[in-house]
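> show me the folded form of this:
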Amino acid sequence: LAYEAILEWSYAQQVTYISAEVAWEAWSQQMQMVGKDEGIMWASFRKVFGNDTQVNDVTAWMVAFRYLDTDNNGLIVQTEFEAGYRAYIYSASAAAEFTLMLSTTMQVTYTTVEEAWASVQTYVTSESGIFWQDWDEVCKQFSSSGDIDWKASFMYLDLDHNGYISQAEFETCYALYEKPGPHSADGMTLCPNTTYRVAHIVFDCNGASGSQSFLVPAKKMEIAQEIPKGAVDLQVGITANVDMDIFLYDAKAKKYVVHYSKNQATINDKSRTGTYEGVEVTFSGDDRTSPVTETVALKGTLPFACSLQVQNYADDEAEATMTFSYAGVDPCPSPPPGCAMYTEHVSELAYEAILEWSYVLQVTYTSAEVAWEAKMKLAQTEMLGKDAGITWASFRQVFGEDSQVGDVTLWMAAFKYLDTDSDGIILQSEFASGYRSYAYNATAALQSTLVLSQSMQIKYTTVVEAWASVQIYTTAEGCISWREWGTVCDRFSGGTVDSKGTF
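Numbers count the residues shown, from 1 in each chain. A predicted model of the protein is given here:
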């Protein structure tokens, strides 16, 4: 009970005071000196806590005092107060998602922001706007299911930290959701600007059809597409010039809905039609003759989320073309399925990934123009007006690796970072900007190389000995690649030099 009480109190302090230090100063009149320590005594804490709520025979402020008084000396000192202030942990990324959900329901309910604002006038209790304690009721008005975290949403919107949602902040909330707009160069619906694309198919609420081509690594199974709950009358399939299989997998139930083997799924190569969770499922069957084509059709509204997996049996990576059609998504979630929130954290990861990618390009190609010509030969390109560019699916190969940090796939975040005009295609000017992201500093590089030289001479009396010591890192041509140079630098300097700059 004390912990729950402290979480509520912590939240109230955070929306009222911009920092723990400011909150501590605000309660200075309740403080007393005990020996050399200044703090809040038990009786004074009743006012600081702010209410006399009881749960059965437990008075919340009394047990909260005990919870904060970690050294049991009967006095809440500043360090203990600040620990309590920070008890409520605000997640900006989660708050952004909840606020986007709220924005979506606002726009569904009211066609204009003026109408939405007029509907909440009951809760506008001062010139400052809607008090933080009333924001819960506002969220319930727009989302009766209670799936919006009103506390997180309030902190996300209260940009001036005054404890109120002003009309301007309310309007920011309303405008956050962007209805799916124009299509990218590869024909897919563009993700809203506050999100980034994470799937081959970006699902449109009203339905769509089309195709997407991408490369599948050799001898590998991977998820080709996440299919959202609520997809209506979906048909999806893969065509390839090598042997590939598709599977439909229900991750929540941990079982296959469609698989070529009857031991894995009730709908298989031998029994190609059936019903799963009330949805009629039809499988085209296992095809091994080039061009291979396999499809799955789902009749009705999908009551669960699932994934379309693809297996490439060939010894080399191979191109697959995924064709699809569906009648809509009901209910239609926000952000659109196939998009994810482009939070500050994701943006930071994208920036770090672009710096690494930029460095690799610079040590591989002498200029942005040379790099562009080389990468354009690898990529599936599309025309945007008179300009050729790199599509989302092609950028995976251009970026060169599939690293993930948590649930963020770096090449997807990097594509968003480079696509500055958000048109769904990387043009040459955007590519060149990315190429130049790693800023080489000749002066700093010289200093690092001098440190490296000194450490080489300390360990070896001749250059012949030093060179002999790194033969394990040389190529058949007798050179050290940029990939190995970092290890060589660490060998001599113990990680104290900038290997990128020295290379």
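
> so where is the stretch 301-450 of the chain shaky, pLDDT-wise?
Regions of the stretch 301-450 of the chain meeting the criterion pLDDT under 70 cover residues 379-387.

> please enumerate the helices of the stretch 151-300 of the chain.
Using DSSP state H, counting those that start in this stretch, the helices found in the stretch 151-300 of the chain span residues 167-176.

> quick one: the strands in the stretch 401-503 of the chain?
Assigned by DSSP state E, counting those that start in this stretch, the stretch 401-503 of the chain shows strands spanning 404-405, 408-409, 425-426.

> using CSV, lay out those strands together with distance to residue 448 and mean neighbour count.
For glycine as for every other residue, the C-beta is placed from the backbone atoms N, C-alpha and C. Listed next are the strands of the stretch 401-503 of the chain as CSV, based on distance: least, C-beta to C-beta, whole Å; neighbours: other C-beta atoms under 10 Å:
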stretch, distance to residue 448, mean neighbour count
strand 404-405, 27, 13
strand 408-409, 31, 19
strand 425-426, 32, 25
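
> can you redo those as CSV with distance to residue 264?
As requested, these are arranged in CSV below (distance: least, C-beta to C-beta, whole Å):
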stretch, distance to residue 264
strand 404-405, 27
strand 408-409, 27
strand 425-426, 39
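
> ok, which of the ones you listed comes nearest residue 168?
Nearest to residue 168 among the strands of the stretch 401-503 of the chain is strand 408-409 (31.4 Å), distances taken as C-beta to C-beta.

> picking up where we left off before, let me know which of the strands of the stretch 401-503 of the chain is the nearest to residue 156.
Ranking the strands of the stretch 401-503 of the chain by distance to residue 156, with C-beta to C-beta as the measure, places strand 408-409 first at 19.9 Å.

> now do that closest one: which elements does it pack against?
Secondary-structure packing of strand 408-409 (3 or more C-beta pairs under 8 Å, 6 or more residues apart in numbering; DSSP states H and E): helix 344-364.

> run through who's touching the helix it packs on.
Contacts with helix 344-364, where a contact means C-beta atoms under 8 Å, 6 or more residues apart in numbering, come from 92-93, 196, 340, 368, 371, 399-400, 403, 405, 408, 410-411, 413-414, 416-418, 434-438, 440, 482, 500, 503.

> using PDB, write out every CA atom in that helix.
Extracted in PDB, the C-alpha atoms of helix 344-364 (Å, rounded to 0.1, in the frame of the first residue of the first chain):
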ATOM      1  CA  GLU A 344      13.900   9.900 -29.700                       C
ATOM      2  CA  HIS A 345      15.500   6.500 -28.700                       C
ATOM      3  CA  VAL A 346      15.000   5.100 -32.200                       C
ATOM      4  CA  SER A 347      16.300   8.300 -33.800                       C
ATOM      5  CA  GLU A 348      19.500   8.100 -31.700                       C
ATOM      6  CA  LEU A 349      20.000   4.400 -32.700                       C
ATOM      7  CA  ALA A 350      19.500   5.400 -36.300                       C
ATOM      8  CA  TYR A 351      22.000   8.200 -36.100                       C
ATOM      9  CA  GLU A 352      24.700   5.900 -34.600                       C
ATOM     10  CA  ALA A 353      23.900   3.300 -37.300                       C
ATOM     11  CA  ILE A 354      24.300   5.900 -40.000                       C
ATOM     12  CA  LEU A 355      27.700   7.000 -38.600                       C
ATOM     13  CA  GLU A 356      28.900   3.400 -38.800                       C
ATOM     14  CA  TRP A 357      27.500   3.000 -42.300                       C
ATOM     15  CA  SER A 358      28.900   6.300 -43.400                       C
ATOM     16  CA  TYR A 359      32.400   5.300 -42.300                       C
ATOM     17  CA  VAL A 360      32.200   2.000 -44.100                       C
ATOM     18  CA  LEU A 361      31.200   3.800 -47.300                       C
ATOM     19  CA  GLN A 362      34.000   6.300 -47.000                       C
ATOM     20  CA  VAL A 363      36.700   3.700 -46.600                       C
ATOM     21  CA  THR A 364      35.300   1.600 -49.400                       C
END
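
> and of the strands of the stretch 401-503 of the chain, who's closest to residue 166?
Shortest distance between residue 166 and those, using C-beta to C-beta, is found for strand 408-409: 32.9 Å.

> which residues sit against the closest one?
Contacts of strand 408-409 from elsewhere in the structure, counted by C-beta under 8 Å, 6+ apart, are 198, 345, 346, 349, 402, 403.

> now these: which count as buried?
For the contacts of strand 408-409, burial is judged from neighbour counts taken by 16 or more other C-beta atoms under 10 Å, and it is met by 198, 345, 346, 349.

> that older thread, farthest pair within the contacts of strand 408-409?
Distances among those were taken as C-beta to C-beta; the most separated pair is 345 and 402, at 19.4 Å.

> correct me, but residue 128 touches residue 161?
No: the pair formed by residue 128 and residue 161 falls short of the contact definition of C-beta atoms under 8 Å, at 11.8 Å.

> I'd assumed residue 85 was in contact with residue 10.
Yes: the pair residue 10 and residue 85 qualifies as a contact (C-beta under 8 Å) at a distance of 5.9 Å.

> circling back: in helices, which of the contacts of helix 344-364 fall?
Among the contacts of helix 344-364, the members falling in helices (DSSP state H) are 92-93, 368, 371, 399, 410-411, 413-414, 416-418, 434-435, 482, 500.
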